[in-house]
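Peer 1: sequence plus predicted model, see below.
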Amino acid sequence: MTDSDPSPTTPDRTKALAVAVAVMLGVLGGLGVFTFGYGGGHAYLGNNPQSCANCHVMQDSYDSWVKSSHHAVATCNDCHLSHDPIMKWVNKADNGFFHSLAFTTGDYKDPIQIKPRNSRVTQDACLYCHKDLVNHMLPAEPGGDMLACVHCHMSVGHAQTVAPRRVAPHSEYP
Amino acid sequence: MTNRSTRPNVSRRGSLATVLLAAFIAAAIATALVAWLLISIYGHKQEARQPFVRVAELNEVSVDPQPWGLNWPHHYDGWKSTAGDKFYGGSSAMPQSKLDKQPWLKRLYAGYAFSIDYREARGHAYMLYDQGVTERVTKKPQAGACLHCHGSMNVLYRKVGLEAMGEEATDEVLAAHFNMPAVQRGFEELSTKPYSEVLAMLKQTPDGTPDDSETVFPTPPEGGFTGEFAGKPVPEDHPTGGKAHPVTCIDCHDPETMALRVTRPGFVQGISDLAAGDAPAPHLPSIAKWRRAGRQGKYDPNVHATRQEMRSFVCGQCHVEYYCANKMTLTFPWKNGLKMEDLEKTWEETIFAEGTDDEEPFHDYKHGETGALIYKAQHPEFELWSQGVHARSGVSCSDCHMPYERVGAAKLSNHHVRSPLENLNAACQNCHKHDEQQLRDRVETIQSNNLALLERAGAAMTDMLDAVMEAKASGLAEEDLAEVYRLQRKAMWRLDYISSENSRGFHASQEAARILGESIDYSRQAEAKALRLRAPDAPSLEGIPIEPIQGVTPTEPIAEGTPKPAVTDSASR
């Protein structure tokens, strides 16, 4: 624009824009609060495994957790979130965002696959509870190479197998 | 500078307006995303409410899958996906010929209709169509037994069975309940009738949607691509007009409860024979249970089998070895067990027209080049799977070929039945927590090893056939060649067993390799025998010197100045 042009941003226009922004933010806020409430968002701030099974993809994991060896002592969060009070919420936000994104867009693998950083969280969680027991097996240097606990103990938390085992041991066959 | 100093307010307002505008746009985008999330949550909540809505009533004549599709749209869509999008292109209804790709197949099947036309298999959608247009059927008369697997047959079997038993077979009776004895009887009546006659009857059988004249998948032109109606719709008043369906919902499911069930009499009889025998079947626990419980009555898969077994049995109704021609009823040869030798033993024990003047040993065809009696292996997928590690681990056919998947909140079997390699995540990664490429490489290694061995077995068979024909041409009597023919039959049965089986050896890789190894051995045995028969007498071996045993270390010391052995020289070069 040139100096002689009258400015398009008159006080009235700025005011109108401010009102529009306020309205839009209000709509966003309202819709956001409603969606949070309708989607049961508060449940994700807690520790109840049922909230994880809200998303149907987790149903199998939940069902098998109910029957797993860790059922009595550990919930989803005990193994899948950091035990550090701050990192716990970082994990929660990270997973919450990417899970919602995946489930909303429908772009995810099923059976689901764990990401390397969540794998590390789980490994730390194993050690958090079992460190005394496995201390002598840990690498000499912190952060040294080692097998993940779940490499062998795959079914302690939740085993998703499609096929039931044979009903009778082999020796029972004629 | 002057501009800004003279009009400071305007400039500040301008940047404020920009910020406001950006905030507005950002808030609008965020609102749209939240609205999307809200709608998605709403949608998912709705999905969780009802797994299906039963809008169509089904009964025992609901052969047409369309009303089933109203109740179970996702399963129906999957089933329809077994048709590729090239179906309507015409020429693609004739996929690549296996006879061109593996020329030895033509000699394997010499004297048999498979040497005329034998092509790559396509999805379930094409089973009836491709059978109707293959030159095996259009050029050579075939038995109605072929439709046991290619058409949706159980209503026709029941109808013919009831009529043969002197009972009423109205549409109401047929719709009311599934009557296995009547199915069995109808199957016996139709098995040895000509193919075209049975197909015409199938088209006249009620299919549950009498007013609807379109089938989901087109029916083949009469007489294939060269017949009277090739490429043209068949006139409605044509006597063979009507509807015939390939395998549909009712062939595996109870229309009332959707439970899996076996409807094919061939399988019911075959598995009952297997249970009644003593062959181990460690992957079929219900047979062991039935035997332990004292073998009461007849083993019936629809009564005794577990749900998991049924997820293989419904496939085993067709994906098996069987006799399918008009010298006897369609037969699954399982009374001695499910291994390749067990099936071979059953055929060796079988006599056509036993006790009559026309008695002759069982065979599928007389080999066109040598005249040996040959057993044609069909496609023993169920039998080979039975020898593999997946079967022993309790993994059914459906677990890999129809893996569970999620559509919204519903968990369902993917009815797009196909190679698990097309769907590695759902098919393999439930159990095998390795990355996809690693899994694919493993399968491809097994399959390429199998192919390499198969080609060797094919080459060995070709050499054998040449040798047998030469022996015949040299004027040897049939009695002299009897043993050669027996070896030829064994070699060809084994080769055909793995060549016709549709997993390229994957269903039981070690077993497949063993069978091909035996095939090569029998081919070479037959070849050597045939060559010897017409060769002049071998010279005596007496007096042929045999080298004495040599140690690694020379017995005498090496004299000084002797040049070093040549081995060292060549090694240092």
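Peer 2: Done, it's in. Numbers count the residues shown, from 1 in each chain, chains lettered A, B, ... in the order given.
Peer 1: in the chain, where is pLDDT below threshold?
Peer 2: No chain in the question, so chain A it is. A:1-9, A:160-174 (pLDDT under 70).
Peer 1: actually it's chain B I care about, not the one you picked
Peer 2: Regions of chain B meeting the criterion pLDDT under 70 cover residues B:1-10, B:51, B:84-94, B:230-241, B:553-573.
Peer 1: point to the residue nearest the middle of it.
Peer 2: A centroid search over chain B (CA atoms, centre = their mean) returns B:H319, at 4.6 Å, as the residue closest to the centre.
Peer 1: so what's that one up against?
Peer 2: B:H379, B:P380, B:E381, B:F382, B:C397, B:N502 (CB atoms under 8 Å, 6 or more residues apart in numbering or on different chains). C-beta: built from backbone N, CA, C; applies to glycine.
Peer 1: looking at these, spot the one nearest B:L199.
Peer 2: Among the contacts of B:H319, B:H379 lies closest to B:L199 (CB to CB), at 21.0 Å.
Peer 1: state the distance from the residue positioned nearest the centre of chain A to B:V34.
Peer 2: With distances taken as CA atoms, centre = their mean, A:N95 lies nearest the centre of chain A, 3.5 Å away. As judged by CB to CB, to the nearest Å, A:N95 and B:V34 stand 19 Å apart.
Peer 1: cool, B:H148 as well?
Peer 2: 58 Å.
Peer 1: next one: B:R49
Peer 2: From B:R49 to B:V34 the distance is 23 Å (CB to CB).
Peer 1: how far out from the middle of the chain is stretch B:210-225?
Peer 2: 24 Å (CA atoms, centre = their mean, to the nearest Å).
Peer 1: could you do stretch B:28-37 as well?
Peer 2: Counting by CA atoms, centre = their mean, stretch B:28-37 comes out at 49 Å from the chain centroid.
Peer 1: sort out which residues of it are buried, please.
Peer 2: B:A28, B:A30, B:T31, B:V34, B:L37 (16 or more other CB atoms under 10 Å in any protein chain shown).
Peer 1: repeat for stretch A:92-107
Peer 2: For stretch A:92-107, a neighbour-count test (16+ other CB under 10 Å) marks A:K92, A:N95, A:H99, A:S100, A:F103, A:T104 as buried.
Peer 1: how many neighbouring residues does B:E120 have?
Peer 2: Per other CB atoms under 10 Å in any protein chain shown, the neighbour tally for B:E120 reads 11.
Peer 1: how about the contacts made by it?
Peer 2: Per CB under 8 Å, 6+ apart, neighbours of B:E120: B:P95, B:Q96, B:S97, B:K98.
Peer 1: how about B:E57?
Peer 2: Neighbouring residues of B:E57 by CB under 8 Å, 6+ apart: B:P67.
Peer 1: tell me the secondary structure for the residue nearest to the centre of chain B?
Peer 2: coil (DSSP: H, G, I helix; E, B strand; the rest coil).
Peer 1: now B:L412
Peer 2: Relying on three-state DSSP, one would call B:L412 strand.
Peer 1: helix or strand for B:I29, which one?
Peer 2: Under the criterion of DSSP states H and E, B:I29 resides in helix B:8-49.
Peer 1: now for that helix, which elements pack on it?
Peer 2: Using 3 or more CB pairs under 8 Å, 6 or more residues apart in numbering or on different chains; DSSP states H and E, the elements in contact with helix B:8-49 are helix A:11-38, helix A:85-105.
Peer 1: what's the separation between the residue nearest to B:L451 when sequence neighbours are not counted and chain A?
Peer 2: Among residues not flanking B:L451 along the chain, B:R504 sits closest, at 6.4 Å (CB to CB, 6 or more residues apart in numbering or on different chains). The spacing between B:R504 and chain A, counted by CB to the nearest CB, to the nearest Å, is 23 Å.
Peer 1: would you verify that B:R504 is located in a strand?
Peer 2: No. Judged by three-state DSSP, B:R504 forms no part of a strand; its state is coil.
Peer 1: that one touches B:N449, doesn't it?
Peer 2: No. Here B:R504 lies out of contact with B:N449, judged by CB atoms under 8 Å, at a distance of 9.5 Å.
Peer 1: who's more crowded, those two?
Peer 2: Neighbours were counted for B:R504 and for B:N449 using other CB under 10 Å; B:R504 has more, 20 against 16.
Peer 1: quick one: the more buried one from B:W104, how far?
Peer 2: The spacing between B:R504 and B:W104, counted by CB to CB, is 16 Å.
Peer 1: now for residue 157, how many residues are close by?
Peer 2: As the question left the chain open, I've gone with chain A. Count around A:G157 with other CB under 10 Å applied: 22.
Peer 1: not quite, I wanted chain B
Peer 2: Neighbour count for B:Y157, taken as other CB under 10 Å: 28.
Peer 1: and it, what element?
Peer 2: helix B:154-164.
Peer 1: roughly how far apart are the residue lying closest to B:C149 once chain neighbours are set aside and A:M137?
Peer 2: Distances taken as CB to CB, 6+ apart place B:C318 nearest to B:C149, at 3.8 Å, with adjacent residues excluded. Per CB to CB, B:C318 is found 52 Å from A:M137.
Peer 1: compare these two (neighbour count), which wins?
Peer 2: Using other CB under 10 Å, the more surrounded residue of B:C318 and A:M137 is B:C318, with 21 against 9.
Peer 1: for that one, list the residues it contacts.
Peer 2: With contact set as CB under 8 Å, 6+ apart, B:C318 has these partners: B:H148, B:C149, B:V247, B:R264.
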